[in-house]
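> predicted model, plus sequence, below.
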Amino acid sequence: MKKIALVFFANYSKSWVDSGNLAQLSTESELSIYANQDLVEQIERLGLNLRTFVIPELETSRVTKIFQLVSLINRRKISPSFNFRLKRLVFGELRLFPNGATLQIVVQSFFYNLRRFINFVINHPIESISFFPPFGIKLESLLRKEFSRISVRKFVGFESMENFDLVLMPSAAIEDRIYEFIEFLKQCATPSAICIENWDNLTSKSILISQPDFVFVMGNFCKSHGARIQSLQESQIIVAGLPRFNPYRNILNYYNQRSKGKLFRILYLGFSVPHNEKNLIAQLIALIDQSVLKGKYEFVYKPHPVRQPRFFESLTIPHNVRIIDKNPDLSGFSAIPAIDDNHFQEILKSDLVISTPTSMTIETLLLGVPTIIDATDDGIHRTTSRKSLSAYLHLSDLRNIDGLVFGETAEDLFKEILDHYLGVSPSIRPSIENLIEFRNPSYASHIINLVNTM
């Protein structure tokens, strides 16, 4: 069997341990796991046929982080998502001139943007200079040399990787240590692959400052973006779905019937970035309560597990809205809910889902639950659903899915809710074949297929 190393620089246990990917790889390859002490202990308790190694604590390299951002700045015209990311990074989430704002809010917004800009220049002087092309290109060249030197030195005491047929690195944001480790692997000519943990990495997170031999991505849309934006060859990009969504591949074999309640159940899925969805929910409730739906519905609100702070959002929510709270002790990737029976049922027992453009949209579409995309604009933030749908390439792909419905206003969304309740809405199931691969037996099968051809 082929020898595979799986190197975790962060805890992606939901994607690899809980999803069954690790178990399959351990039976179809000679698998070695490299991770921190806590994750190694968690994996060892499974009793799988694999070897484990503890990764020592590694310092973050400031040079690599600067190199990442300078590279992104120099290529900001390649992808509108890069420009949008930089605008957020420099000026923050609050618009300079919010729509219909009072004088007080306009003044507050102006000084917020000014303060963010000044802080960026002070905290990122090298990156700020890079916005001027001649300096940016020269700086990138100098940083690349230092980056290569640091990368080799950082992992000089690392376990030899020369005997592996493939080294896999899961990554949600393509962390700086991922780049450094790829550079290290090139020194020993060991094939490497990044397993993308979400759908936006190749279009908005960063430039691949050190390219692996292969990149596993979610779907054909992602592959197209990766080839164009990251200068990857199509043969380097493997369409494999998401490791975290592995349980969805066979889910409909077990949940082929959706239970219906007495009340018409509406599930609203919140956005991670600032978007005043609580205000929108209050508008929707007011509209619903003036219609034939009054007293005949249940409205459930599931905030995003890594919800970012908002500006000028309502502090309250209508009393008849049930909120699904996340675990307050968890943050970041660990706050993302486990994909288990409870998670499936929350979605499946809904008659209609209103979803902001997040990865949970994909989950509702995979389960075949009628879904409307919240494409509204609160007029306050740069990152509202509507703005994000147009600025982020991976989110704009949703517009290319036939049969997927978008609500641009509260009234649009209400009309769709009413049509679904009355049974007059078209029952077209959107085709998501190009958005995510989910037909193969498993995510791990793509890895095994690749390594067996090497």
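It's in. Numbering: from 1, shown residues only.
> for the lowest-mean-pLDDT helix or strand in the chain, what is the distance to the chain centroid?
Every helix and strand in the chain was compared by mean pLDDT, DSSP states H and E; the lowest is helix 341-348, with a mean of 85. Mean-position distance between helix 341-348 and its chain equals 20 Å (CA atoms, centre = their mean, to the nearest Å).
> and the residue nearest the centre of the chain, what's its pLDDT?
Closest to where the C-alpha atoms of the chain average out (CA atoms, centre = their mean) is residue 198, at 3.9 Å. Listed pLDDT for residue 198 reads 84.
> do I have it right that it meets residue 359?
Yes. Using CB atoms under 8 Å, residue 198 is in contact with residue 359, at 6.3 Å. Backbone N, C-alpha and C define where each C-beta goes, glycine included.
> and the helix or strand encompassing residue 216, what's its mean pLDDT?
Using DSSP states H and E, residue 216 maps to strand 214-217. The pLDDT scores in strand 214-217 average 95.
> got a list of contacts for that strand?
191-196, 199, 202, 208, 223, 226, 230, 232, 236-240, 446-447, 450 (CB atoms under 8 Å, 6 or more residues apart in numbering).
> summarise which helices and strands the next helix or strand after that strand is packed against.
Next helix or strand after strand 214-217 toward the C-terminus (DSSP H and E): helix 220-229. Counting contacts by 3 or more CB pairs under 8 Å, 6 or more residues apart in numbering; DSSP states H and E, helix 220-229 is packed against strand 214-217, strand 237-239, helix 393-396.
> sorry, back to before: paired strands for the helix or strand that comes right after the least confident helix or strand of the chain, with orientation please.
Once the chain leaves helix 341-348, the next helix or strand it forms, by DSSP H and E, is strand 352-355. Using DSSP bridges, the strands paired with strand 352-355 are strand 264-269 (parallel), strand 371-374 (parallel).
> can I get these in TSV with mean neighbour count?
Formatted as TSV, the strands paired with strand 352-355 follow (neighbours: other CB atoms under 10 Å):
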stretch	mean neighbour count
strand 264-269	23
strand 371-374	26
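> will you turn those into a markdown table that also has distance to residue 305 and mean pLDDT?
As requested, those are exported to a markdown table (distance: least, CB to CB, whole Å; pLDDT from 0 to 100):
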| stretch | distance to residue 305 | mean pLDDT |
| --- | --- | --- |
| strand 264-269 | 11 | 97 |
| strand 371-374 | 17 | 97 |
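> so which residues of the stretch 151-300 of the chain form strands?
With DSSP state E, counting those that start in this stretch, the ranges of strands along the stretch 151-300 of the chain come out as 166-171, 192-196, 214-217, 237-239, 264-269, 297-302.
> looking at these, which is nearest to residue 9?
strand 166-171 (7.0 Å; CB to CB).
> ok, and what's touching that closest one?
With contact meaning CB under 8 Å, 6+ apart, strand 166-171 is reached by 2-10, 12, 15-16, 161, 178, 181-182, 185, 190-197, 201, 212, 243, 447, 450-451, 454.
> and that strand with strand 192-196, angle?
30 degrees (axes from the mean of the first three to the mean of the last three CA atoms, to 10 degrees).
> can you list the buried residues in strand 166-171?
If you call a residue buried by 16 or more other CB atoms under 10 Å, then strand 166-171 has these buried ones: 166-171.
> out of those residues, who's nearest residue 32?
When the buried residues of strand 166-171 are compared against residue 32 (criterion: CB to CB), the nearest one is residue 167, at 9.3 Å.
> thinking again about what came up before, most tightly surrounded among the helices and strands packed on helix 220-229?
strand 214-217 (a mean of 25; mean count of other CB atoms under 10 Å).
> pull up the pairing partners for it, direction included.
strand 192-196 (parallel), strand 237-239 (parallel).
> ramachandran angles for residue 42?
phi -60, psi -40 (degrees, to the nearest 10).
> OK, contacts around it?
13, 17.
> going forward, the N-terminal residue is numbered 464.
With 464 as the first residue, the last one maps to residue 505.
> what about it, distance to residue 487?
As judged by CB to CB, to the nearest Å, residue 505 and residue 487 stand 17 Å apart.
> so of the buried residues of strand 629-634, which two are at opposite extremes in space?
629 and 634 (15.4 Å).
> hmm, back to that, joint contacts of residue 661 and residue 822?
Counting by CB under 8 Å, 6+ apart, the residues touching both residue 661 and residue 822 are residue 705.
> nearest to residue 757, of the strands paired with strand 677-680?
strand 655-659 (44.8 Å).
> kindly export the closest one (C-alpha atoms) in CSV.
What follows is strand 655-659, C-alpha atoms only, in CSV (Å, rounded to 0.1, in the frame of the first residue of the first chain):
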residue,chain,number,x,y,z
SER,A,655,2.4,17.5,-1.3
ALA,A,656,-1.3,18.3,-1.4
ILE,A,657,-3.5,20.9,0.3
CYS,A,658,-6.9,19.7,1.3
ILE,A,659,-9.1,22.8,1.2
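> tilt between it and helix 683-692?
Going by the same axes, to 10 degrees, strand 655-659 makes 130 degrees with helix 683-692.
> residues in contact with strand 655-659?
629-634, 637, 641, 644-645, 648-649, 665, 675-681, 685, 701, 703, 705-706, 910, 913.
> go again with 7 Å.
629-634, 637, 641, 645, 648, 675-681, 706 (CB atoms under 7 Å, 6 or more residues apart in numbering).
> before we move on, what about stretch 891-911?
Contacts of stretch 891-911 (CB under 7 Å, 6+ apart): 484, 487-488, 491-492, 631, 679, 681-684, 701-706, 709, 711-712, 825, 828-829, 831, 860, 864-867.
> restricted to buried residues, select those in PyMOL.
Entered in PyMOL, the line below selects the buried ones among these, by 16+ other CB under 10 Å:
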select buried, resi 484+487+488+491+492+631+679+681+682+683+684+701+702+703+704+705+706+709+711+712+825+828+829+831+860+864+867
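> which stretches of this structure have low pLDDT?
Where the chain drops to pLDDT under 70, the residues are 636-637, 715-723, 791-797.
> and it, what are its domains?
The chain breaks down by automatic domain parsing into domains covering 466-520+618-705+902-915, 527-603, 711-885.
> tell me how far the ends of the first one are from each other?
One end of domain 466-520+618-705+902-915 sits 10 Å from the other (CA to CA, to the nearest Å).
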